[in-house]
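Trainee: Next comes the sequence, and after it the predicted model I'd like to discuss.
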Amino acid sequence: MSQPIAIVSVAQLPSIRRDRTRDEAEMVQPIVTEAMQKIGLKQADIGFTCSGSSDYLVGRPFSFVAAVDGLVTWPPIRESHVEMDGAWALFEALIRLRHGDIDTALVFAFGKSSLGPIPDVMNVQNDPYYVQPLNLDSFSQAALQARAMIDAGKATERDFAEIVVRNRRNAKSNPNAQVKGDFDVEAILAEKTISSPIRKSFSPPLSDSCVAVVLASGDKAKKLVKRPAWIRGIDHRIEPYSLGVRDLTQSVSTRIAAEKVGVNAKKNDIAEIHTPFAHQEILIKEALGLDSSVVVNPSGGALAANPIMATGLIRFIEAATRIHAGEANRAIVHATSGVTMQQNLVAVLEGE
Amino acid sequence: MSDMITRIKTPVRLEYGVYPGSHYTTYLNALAQGRFVGGRCPESKKVYVPPRGASPTSGQPTDEIVDVQDSGVLTTFCVIRLAFPGQKMKPPYCFGAIVLDGADLPIYHLIGNIPYEEVRMGMRVKAQWKPRDQWGPTLESVDFFAPTGEPDAPFESYSEHL
């Protein structure tokens, strides 16, 4: 049996709409340094480094290589990258740790959402011949799903507005959140629709940020911190690519992943779920089977801060932070990827 | 089947901006003033051109900005013999790595004012700046690097940069 693996340190650059002062290396350097320094580690102490990001966001080939310039890479290090959210980089690092020959890993993700036309960039994920020519941008993708949920009688536009208000109120205590405060359901419902029924407030902000996590296994984790956030289970599943063959009103991949990791085997305190559009929170809560006592997105979630490609890894960070502090003992983490949440990852974190 | 579709067009156009960050901004602004600058690593004291968000050996930002010369040593080079769109010089011509005086890392630029078969390692070269009114925050403020006629640098003086 391999050693248990835990999150032992985290760091975040606060999410802002437009970071005009930092390139990739300048985003990565202070944050990975902070994550390692908090527990007295240096790059030379790290067994494996893995990052998540997408070149499509910055419109620059190999932008993840530019980000490696933010690390100490001489003498050379063992490093990998996923063209996905950093939550999947964490997954790869966890698998790497399970080989057992190393006991620490550094995971980071950065999102520079300020450089390109993000709603249109999201269309490039679609099938290039049959869907992309329709310009199914991120608002339209979300609208198809939200409309299907309304038509299926699963939710109302008022439900969506209430989700936005709750998340952005939660974000008031989150120093790294971008959109936070007391918002009004009626005012949100009165907004113009961008792609019906999606309004601006039902949509996530676009953020620039970089975040980092240090993982450690077994005794090493216990030596580094008093209360590691143990990753007790992690699973991810993917659904068909073609939108037409999926039921957009449920997340079957989340449901299966949740069953595999035993989401409801014990009492959960919090859940940090990666649901950029308001309606998606309903879908993921249902697929996870969370009961009403679980506090969902105490950080404010993706509706409060959305550095694309880091937003999923931030869910791990927000959950681990509360476990490290003793505010929660069991947390569910969810991350998503692809058009209308095609792929979903679920993990369980525990303090004991 | 005679009516098989073999080709369709689905053009994609996405426009991006760029923020070069604070270290590259310093470098680019200096080029607009006809200067080269580098950033010094606080631990190794090596001067990186351009300045970097992190030194690869210490991980610290190279925040101490220092002036370096616009002349230096050609450490290695290649000769381009093929034509391609957007080319600035007529082939054959030379492209080289130049360690500017005061720098510990080469920059790359065109090598001109010399027949390519006479280009050699260790040759001293100097930036040929465009007229002042054409300077901007770009390496194109310099047309190319040309030989100075000084004696070649001994191999040992630049061997660590190869």
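Mentor: Sure thing, it's come through. Residues are numbered from 1 along each chain as shown, chains lettered A, B, ... in the order given.
Trainee: where do the strands sit along chain B?
Mentor: B:36-40, B:47-48, B:64-68, B:71-80, B:93-100, B:107-111, B:124-129, B:142-147 (DSSP state E).
Trainee: what's the longest one packed up against?
Mentor: Contacting strand B:71-80 under the criterion 3 or more CB pairs under 8 Å, 6 or more residues apart in numbering or on different chains; DSSP states H and E are the following elements: strand B:93-100, strand B:124-129. Placement of C-beta: from N, CA and C, glycine included.
Trainee: repeat for the fifth one
Mentor: Contact analysis of strand B:93-100 by 3+ CB pairs under 8 Å, 6+ apart lists strand B:71-80, strand B:107-111 as its packing neighbours.
Trainee: Out of those strands, which is closest to B:Y93?
Mentor: With CB to CB as the criterion, B:Y93 lies closest to strand B:71-80 of the helices and strands packed on strand B:93-100, at 5.7 Å.
Trainee: Pull out the buried positions in that closest one.
Mentor: B:S71, B:G72, B:V73, B:L74, B:T75, B:F77 (16 or more other CB atoms under 10 Å in any protein chain shown).
Trainee: Show me which residues of the stretch 251-352 of chain A are close to chain B?
Mentor: Neighbours of chain B within the stretch 251-352 of chain A, by CB under 8 Å from any CB of the partner chain: none found.
Trainee: Which residue does the stretch 251-352 of chain A have closest to chain B?
Mentor: Of all residues in the stretch 251-352 of chain A, the one sitting closest to chain B is A:I308 (14.0 Å; CB to the nearest CB).
Trainee: do you know how far that residue is from A:V121?
Mentor: As for A:I308, its distance to A:V121 is 9 Å (criterion: CB to CB, to the nearest Å).
Trainee: who's more crowded, the two?
Mentor: Looking at A:I308 and A:V121 with other CB atoms under 10 Å in any protein chain shown, you find the greater number of neighbours at A:I308, namely 27 against 22.
Trainee: Next, the distance between the ends of stretch A:240-252.
Mentor: 11 Å (CA to CA, to the nearest Å).
Trainee: Buried residues in it, which are they?
Mentor: Under 16+ other CB under 10 Å, the buried positions of stretch A:240-252 are A:L243, A:R246, A:L248, A:T249, A:Q250, A:S251.
Trainee: ok so, going back, can you tell which of the helices and strands packed on strand B:93-100 is closest to A:K38?
Mentor: Here strand B:107-111 is closest among the helices and strands packed on strand B:93-100 (CB to CB), at 36.4 Å.
Trainee: which strands and helices sit next to the closest one?
Mentor: Taking 3+ CB pairs under 8 Å, 6+ apart as the contact cut, strand B:107-111 packs with strand B:93-100, strand B:142-147.
Trainee: could you dump these to CSV with distance to B:T26 and mean neighbour count?
Mentor: Shown next, in CSV, are the helices and strands packed on strand B:107-111 (distance: least, CB to CB, whole Å; neighbours: other CB atoms under 10 Å in any protein chain shown):
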stretch, distance to B:T26, mean neighbour count
strand B:93-100, 15, 22
strand B:142-147, 17, 20
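Trainee: can I get these in TSV with mean pLDDT?
Mentor: TSV is the format used below for these (pLDDT from 0 to 100):
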stretch	mean pLDDT
strand B:93-100	96
strand B:142-147	96
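Trainee: quick revisit: spatially, what comes nearest to the residue of the stretch 251-352 of chain A closest to chain B if we skip its sequence neighbours?
Mentor: A:G111 (4.5 Å; CB to CB, 6 or more residues apart in numbering or on different chains).
Trainee: just checking, the one you found touches A:S53?
Mentor: Yes: at 7.0 Å, A:G111 and A:S53 qualify as touching, with contact defined as CB atoms under 8 Å.
Trainee: between those two, what contacts are shared?
Mentor: Common neighbours of A:G111 and A:S53 (criterion: CB atoms under 8 Å, 6 or more residues apart in numbering or on different chains): A:M309, A:A310.
Trainee: Show me the domain layout of chain A.
Mentor: Residue ranges for the domains of chain A, per automatic domain parsing: A:1-133+A:204-352, A:134-202.
Trainee: The shortest one near chain B anywhere?
Mentor: No: for domain A:134-202, no contact with chain B is found by CB under 8 Å from any CB; the gap never falls below 10.0 Å.
Trainee: which residues touch A:A212?
Mentor: A:A212 neighbours (CB under 8 Å, 6+ apart): A:V10, A:A11, A:Q12, A:V28, A:I31, A:V32, A:E34, A:A35, A:L106, A:V107, A:F108, A:A109.
Trainee: possible to save those residues as TSV with pLDDT, distance to B:L31 and secondary structure?
Mentor: Shown next, in TSV, are those (pLDDT from 0 to 100; distance: CB to CB, whole Å; DSSP: H, G, I helix; E, B strand; the rest coil):
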residue	pLDDT	distance to B:L31	secondary structure
A:V10	98	39	strand
A:A11	98	34	strand
A:Q12	98	34	strand
A:V28	96	25	helix
A:I31	98	29	helix
A:V32	98	30	helix
A:E34	98	32	helix
A:A35	98	35	helix
A:L106	98	34	strand
A:V107	98	36	strand
A:F108	98	31	strand
A:A109	98	32	strand
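Trainee: Would you write a PyMOL line that selects the buried entries of those residues?
Mentor: The following PyMOL line selects those of the contacts of A:A212 that are buried, judged by 16+ other CB under 10 Å:
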select buried, chain A and resi 10+11+12+28+31+32+35+106+107+108+109
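Trainee: near chain B, which of the contacts of A:A212 show up?
Mentor: Near chain B, judged by CB under 8 Å from any CB, the entries from these are A:V28.
Trainee: Show me which residues of chain B are close to chain A?
Mentor: Looking at chain A, the residues of chain B close enough under CB under 8 Å from any CB are B:8, B:10, B:12, B:14-24, B:52-61.
Trainee: Please flag which of those sit within helices.
Mentor: If you go by DSSP state H, the residues of chain B next to chain A have B:G21, B:S22, B:H23, B:Y24 in helices.
Trainee: I'd like the distance from the nearest residue to A:E191 once chain neighbours are set aside to A:I39, if you could.
Mentor: The shortest distance from A:E191 to any non-neighbouring residue, by CB to CB, 6+ apart, is to A:R199 (4.1 Å). A:R199 sits 43 Å away from A:I39, going by CB to CB.
Trainee: of those two, who's got more company?
Mentor: Ranked by neighbour count (other CB under 10 Å), A:R199 and A:I39 place A:R199 first, with 21 against 16.
Trainee: and the more buried one, what are its bridge partners?
Mentor: Beta-bridge pairing of A:R199 under DSSP bridges involves A:T193.
Trainee: My read is that it contacts A:I188, right?
Mentor: Yes: between A:R199 and A:I188 there is a contact under CB under 8 Å: 6.5 Å.
Trainee: dump the residue contacts of the residue lying closest to A:A25 once chain neighbours are set aside.
Mentor: Of all residues not flanking A:A25 in the chain, B:G53 sits nearest, at 3.1 Å (CB to CB, 6+ apart). Shown in contact with B:G53 (CB under 8 Å, 6+ apart): A:R22, A:D23, A:E24, A:A25, A:E26, A:V28, A:Q29, A:D69, A:G70, B:G21, B:H23, B:P61.
Trainee: same question, B:P56
Mentor: A:D69, A:V72, A:T73, A:W74.
Trainee: Tell me which residue is most central in chain B.
Mentor: Chain B has B:Y108 as the residue nearest its centroid, 3.1 Å off, counting by CA atoms, centre = their mean.
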